[in-house]
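# got a predicted model here, sequence first, then my questions.
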2 protein chains.
Amino acid sequence: MGISKTEIFTEEQNMLAKFAKVLGHPARIAILEYLFKRETCVCGDLVGEIGLAQPTISQHLKELKQLGLIKGTIEGTSVCYCVDKVAWATMKRALNSFLNHDVQNPECC
Amino acid sequence: MGISKTEIFTEEQNMLAKFAKVLGHPARIAILEYLFKRETCVCGDLVGEIGLAQPTISQHLKELKQLGLIKGTIEGTSVCYCVDKVAWATMKRALNSFLNHDVQNPECC
DNA sequence: ACTCTTTATTGTAATATTGCAATCAATAAA
DNA sequence: TTTATTGATTGCAATATTACAATAAAGAGT
């Protein structure tokens, strides 16, 4: 149906999926990498840096913002976007603990 | 357009996004968690464990298999699915190095 | 007030994803 | 051979995502 049955999964599973999902597009990966690389971070730079139209970048930024991963402060006509340190750490912790699962039985398959 | 412009991004960005994307659904998170928990791992178990129809589970398994994260060996009428140790380690390494980015300038926003 | 710059929003088209009923393929058991 | 059993595949409907042109909104500079 194109809609996820979130209600049958645990809070943690849904949270992990949400974090992973927002990282599941190369444009958002590129945006985050750029924000990490720069000290000053303006959306206009991103449109120049990444080869996507301004509305598309704006939409990807919105998705990152909705998860709290980035925050934007208005500076005159432009907006300064940065990675939210706390939210990033939270995501990192969650994904890391999932990724740290080990394959129990290497003889199985 | 519902299609990602993968050609304008680096190999690494596309790879990271692909890995993250496949983790971006709670059913696939649940499947992987179950495979980590169990020694014997059959698709039928998953249908019982997770509240989704058999074709849906089969489809999620297919996506995980396509990325090489899991592998399935036929055992009689059933299929034994397991996490691929090497592929999992590769993904873990890739995502970890991305997640390890640090916020440079906490004074920015 | 007018104009420019910058970002957000709206509307729309194309494609992708999610989910399941129905069905198929293959092996096992009788 | 017939009859389960198990999992994959097909076909379809509903929804989501991606992308961008057009436009709006808001402040800066003239």
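Nice, thanks for sending it over.

# what residues sit buried inside the helix or strand where A:F98 lies?
Assigned by DSSP states H and E, A:F98 belongs to helix A:85-99. Using 16 or more other Cβ atoms under 10 Å in any protein chain shown as the test for burial, helix A:85-99 gives A:A87, A:W88, A:M91, A:K92, A:A94, A:L95, A:F98, A:L99. (Each C-beta comes from the backbone N, C-alpha and C, glycine too.)

# now the two most distant members of those.
Within the buried residues of helix A:85-99, A:A87 and A:L99 form the most distant pair, 18.2 Å apart (Cβ to Cβ).

# other SSEs contacting the helix or strand of chain A with the lowest mean pLDDT?
The helix or strand of chain A with the poorest confidence is helix A:43-49; it has a mean of 87 (mean pLDDT, DSSP states H and E). Other helices and strands packing on helix A:43-49, by 3 or more Cβ pairs under 8 Å, 6 or more residues apart in numbering or on different chains; DSSP states H and E, are helix A:26-37, helix A:54-66, strand A:78-83.

# tell me the residues on chain A that lie near DNA strand D, please.
Counting by Cβ under 7 Å from any atom of the strand, chain A comes close to DNA strand D at A:1-3, A:21, A:24-25, A:27, A:52-56, A:59-60, A:63, A:74, A:76-77.

# and these, which of them are buried?
For the residues of chain A next to DNA strand D, a burial check counting by 16+ other Cβ under 10 Å picks out A:K21, A:G24, A:H25, A:A27, A:L52, A:H60, A:E63.

# quick check: the fourth one vs B:S78, distance?
This points to A:A27. 40 Å (Cβ to Cβ, to the nearest Å).

# list the contacts for A:V22?
For A:V22, the contact set (Cβ atoms under 8 Å, 6 or more residues apart in numbering or on different chains) comprises A:R28, A:E63, A:L64, A:L67, A:L69, B:G24.

# which among these gets closest to DNA strand C?
B:G24 (6.2 Å; Cβ to the nearest atom of the strand).

# what about the closest residue to that closest one other than its chain neighbours, which helix or strand?
Residue nearest to B:G24 in three dimensions, not counting chain neighbours: A:K21, with 3.2 Å by Cβ to Cβ, 6 or more residues apart in numbering or on different chains. Secondary structure assigned from DSSP H and E places A:K21 in helix A:11-22.
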